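Asks: kindly generate the corresponding structure for this input.
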Amino acid sequence: MADTVMVTGGAGFVGSTLVDRMLAEERRVVVVDDLSSGRLANLDTARREHAGQLDFQRLDVTSDALGPFIGRHRPEVVYHLAARGPGPRSVADPVGDARVNLLGTVNLLQGAVDHGVRKVVFASSGSGLHGRLDPDDLPATETSPTVPTSPYGAAKLSAEHYLGVFALLHDLEWTSLAIADVYGPRQSGTGEGGIVTAMAEAMLADHDVTIHGDGEQTRDFVFVDDVVHAMALAADRGHGRRYNIGTAQQTSLNQLFRALAAATRFTHRPTRLPEQPGDVAHTALSGRRAAEDLGWKPWTTLEEGLATTLEWLASRRGS
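Replies: A predicted model of the protein is given here:
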């Protein structure tokens, strides 16, 4: 069997999809998740079909127990996805945000250095790092200005600086992936960042759909399988650099609403609410550097991704 990898936040929708990918590659996988937003149900199939290949530990990344836990399992690569998400909660509780997203990352890096981890692949946020770029400057590249507009974005940017410091002091390899608005099966529509799932679930239940603002704000929607592929590639490529993981395409929330409404035959108009604090008006990420260095590009069209997501949501409703 191949080397061990650790996935923090591995019970989340992206994390559990990454776990499936690593298990398919016959790696031993150790999952750390405090289950504050992740769900054990996301790992049900993996735990059933790969019982001897998968270990799960309910653990907060800020815990003093994290380092010794890393020491027991000795992963070669750590995929660090555990985080408190973006949105109003980040603005309302910046101390809590920094505790998890920054101090939790530093705690993980120290444990990695202490116990021989070769590389950390860090899940960052394109919109969180770049903030409110002028629409004429999109899609953003890795050299675009980083001006976070929320504590979440500030913590992600600060964590990236810590990655550089640990590389300099301890030769710890790292790659940061600044991910666009990821969506797909297993995503919750009740948390922050799950606009596709939130809209789709409401439409399938024939409930009102809420859009904050006028709906002309744009997002770069990237499918979860494409994101996981970038993470897998980053284990052995792109050391010491940040890579944008996006489609470079802007889709407005109104366009998303119309596409999902057509697919679900939803006939109601959306409910409009005020914009949320810290929200970004427009986002799109160029994946050119990722294509050149990682050999990555998104292959799932928005139409294909939405269809797959709707199929998964419909199957859950019928189960």
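
Asks: ok, and the closest non-adjacent residue to residue 294?
Replies: residue 233 (4.5 Å; Cβ to Cβ, 6 or more residues apart in numbering). All C-beta spots, glycine's among them, are computed from the backbone N, C-alpha and C.

Asks: give the buried residues for the one helix or strand that neighbour maps to.
Replies: For residue 233, the element it lies in under DSSP states H and E is helix 224-234. Judged by neighbour count using 16 or more other Cβ atoms under 10 Å, the buried positions of helix 224-234 are 224-234.

Asks: now stretch 199-216
Replies: Those would be 199-204, 209, 211-212, 215, for stretch 199-216 by 16+ other Cβ under 10 Å.

Asks: what's the most distant pair in those residues?
Replies: 204 and 212 (20.7 Å; Cβ to Cβ).

Asks: helices or strands up against the helix or strand bottoming out on mean pLDDT in the chain?
Replies: None of the helices or strands of the chain scores lower by mean pLDDT, DSSP states H and E than helix 88-92, at a mean of 86. Judged by 3 or more Cβ pairs under 8 Å, 6 or more residues apart in numbering; DSSP states H and E, helix 88-92 is in contact with helix 94-98, helix 151-170.

Asks: for residue 17, which of the ones you listed is the nearest?
Replies: Using Cβ to Cβ, the helices and strands packed on helix 88-92 put helix 151-170 closest to residue 17, at 20.4 Å.

Asks: which residues are contacting that closest one?
Replies: For helix 151-170, contacts defined as Cβ atoms under 8 Å, 6 or more residues apart in numbering pick out 83-87, 90-91, 94, 97-98, 101-102, 105-106, 109, 112-113, 120, 122, 124-125, 127-129, 131, 146, 148, 172-174, 176, 240, 242, 278.

Asks: tell me the contacts of the residue located most distally from the centre of the chain?
Replies: Of all residues in the chain, residue 267 has its C-alpha farthest from the mean position, at 31.3 Å, by Cα atoms, centre = their mean. Residues near residue 267 by Cβ under 8 Å, 6+ apart: residue 261.

Asks: who is residue 244 paired with across the strands?
Replies: residue 178 (DSSP bridges).

Asks: and the pLDDT at it?
Replies: We have a pLDDT of 98 for residue 244.

Asks: that one: how many residues sit nearby?
Replies: By the measure other Cβ atoms under 10 Å, the count of residues near residue 244 is 29.

Asks: kindly report the same for residue 311.
Replies: Neighbours of residue 311 using other Cβ under 10 Å come to 11.

Asks: repeat that for residue 296.
Replies: Residues near residue 296, counting by other Cβ under 10 Å: 24.

Asks: likewise for the one 3 residues further on?
Replies: Look at residue 299: counted by other Cβ under 10 Å, it has 10 neighbours.

Asks: now do the contacts for residue 174.
Replies: Neighbouring residues of residue 174 by Cβ under 8 Å, 6+ apart: 119-122, 163-164, 166-167, 239-240.

Asks: against residue 155, how distant is the nearest residue to it once chain neighbours are set aside?
Replies: For residue 174, ignoring the flanking residues on the chain, the nearest one in space by Cβ to Cβ, 6+ apart is residue 163 at 4.3 Å. From residue 163 across to residue 155, the span is 13 Å (Cβ to Cβ, to the nearest Å).

Asks: what ranges does this structure have for its strands?
Replies: With DSSP state E as the definition, the chain shows strands at residue ranges 2-8, 27-33, 54-58, 77-80, 119-125, 173-179, 181-183, 210-212, 218-219, 221-223, 241-245, 251-252, 271-273.

Asks: rebuild these as a markdown table, extending it with distance to residue 297.
Replies: What follows is the strands of the chain, written out as a markdown table (distance: least, Cβ to Cβ, whole Å):
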| stretch | distance to residue 297 |
| --- | --- |
| strand 2-8 | 23 |
| strand 27-33 | 24 |
| strand 54-58 | 29 |
| strand 77-80 | 20 |
| strand 119-125 | 18 |
| strand 173-179 | 14 |
| strand 181-183 | 15 |
| strand 210-212 | 30 |
| strand 218-219 | 19 |
| strand 221-223 | 11 |
| strand 241-245 | 10 |
| strand 251-252 | 18 |
| strand 271-273 | 36 |
